[in-house]
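>>> Need a 3D model of the following:
(one chain, ligands or ions: 1)
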Amino acid sequence: MLLLTIRLLSLLVGTTHINFKILNMKTLTKEAQEAITPAMALELLKSGNTRFVENLKLNRNLLQQANETSDGQHPFAVILSCIDSRTSAELIFDQGLGDIFSVRIAGNIINEDILGSMEFGCKVAGSKIIVVLGHTSCGAVKGACDHVELGNLTGLLAKIEPAVEAEKTEKENRNSKNSAFVEKVSEINVRQTVEAIMERSPILKEMIQDGSVGIIGGMHEIATGKVTFFEDDLVNHGL
Ligand SMILES: [Zn+2]
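Have a look, this model is predicted:
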């Protein structure tokens, strides 16, 4: 039965969006999750975002999915994104219940607890890809660009400051009023976060290096919903 399921999935996960659509409509089982490679996981997210952008989201029965996942979950991806109300990962990648671990924090930064959550998602629960997703017009990034200090937010924004400092191309108006500067800092912040995950989590680094997990950054354009992945950032040879 397991082999049959894997062979069926191999047939379903071809190169067309239609095939991905069939796979994506199903609530993920352990067998289905195990059959998904990091490269396939990336394609599932790309095809889901295409559906979102084209307003062709799948008609899932979420109540049925709640029932089907009640005994366990087998998500294929861990997605770190911002708390911004316009950037819900499940929505912009058109995913259902049980499909993704959604880690959300202002400015999509990391800390030990978030790394622990990612390690759980990949090492314990079997997810195949980690996505660090920034977005345009990010308030947290704007705050870091303006060096805002406000309560506990000060410490959070300090984690984005290295990206602000690393941006060297904008010589004038290095503040939130300069949207080009803000978007460049956002992209640098994503790239630095991908690197930091590798540096600070030996568990994830080993899984990425042995090909069992992929990691990639990307930017979400909130005006269109389109996600652009940083293909040059592929750390995993399997992707
Ligand atoms: Zn944001």
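>>> C-alpha from now on. contacts and neighbour counts both.
OK.
>>> what residues does the protein put near the ion?
82, 84, 107, 138 (CA under 5 Å from the ion).
>>> and the last one, what is it in contact with?
The reference is to residue 138. The contact partners of residue 138, taken as CA atoms under 8 Å, 6 or more residues apart in numbering, are 84, 107, 182, 186.
>>> ok, and for stretch 91-104, which residues are buried?
In terms of neighbour count (16 or more other CA atoms under 10 Å), stretch 91-104 has its buried residues at 92-104.
>>> okay, these in JSON lines with pLDDT and secondary structure next?
Shown next, in JSON lines, are those (pLDDT from 0 to 100; DSSP: H, G, I helix; E, B strand; the rest coil):
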{"residue": "92", "pLDDT": "97", "secondary structure": "helix"}
{"residue": "93", "pLDDT": "97", "secondary structure": "coil"}
{"residue": "94", "pLDDT": "96", "secondary structure": "coil"}
{"residue": "95", "pLDDT": "95", "secondary structure": "coil"}
{"residue": "96", "pLDDT": "93", "secondary structure": "coil"}
{"residue": "97", "pLDDT": "94", "secondary structure": "coil"}
{"residue": "98", "pLDDT": "94", "secondary structure": "coil"}
{"residue": "99", "pLDDT": "95", "secondary structure": "coil"}
{"residue": "100", "pLDDT": "97", "secondary structure": "strand"}
{"residue": "101", "pLDDT": "97", "secondary structure": "strand"}
{"residue": "102", "pLDDT": "98", "secondary structure": "strand"}
{"residue": "103", "pLDDT": "98", "secondary structure": "strand"}
{"residue": "104", "pLDDT": "98", "secondary structure": "strand"}
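>>> which one of these sits closest to residue 153?
Distances from residue 153 to those, taken as CA to CA, are shortest for residue 104 (15.1 Å).
>>> so the closest one sits right up against residue 83, yeah?
Yes: assessed by CA atoms under 8 Å, residue 104 is found in contact with residue 83 at 5.2 Å.
>>> give me the low-pLDDT residue ranges for this protein?
Residue ranges of the chain with pLDDT under 70: 1-25, 233-239.
>>> so which helix or strand takes in the residue lying farthest from the centre of the chain?
Distance to the chain centre peaks in the chain at residue 172, reaching 31.9 Å (criterion: CA atoms, centre = their mean). Assessed by DSSP states H and E, residue 172 sits outside every helix and strand.
>>> Can you tell me how far it is from the ion?
Counting by CA to the ion, to the nearest Å, the gap from residue 172 to the ion is 23 Å.
>>> can you check residue 151 too?
Distance, residue 151 to the ion, by CA to the ion: 18 Å.
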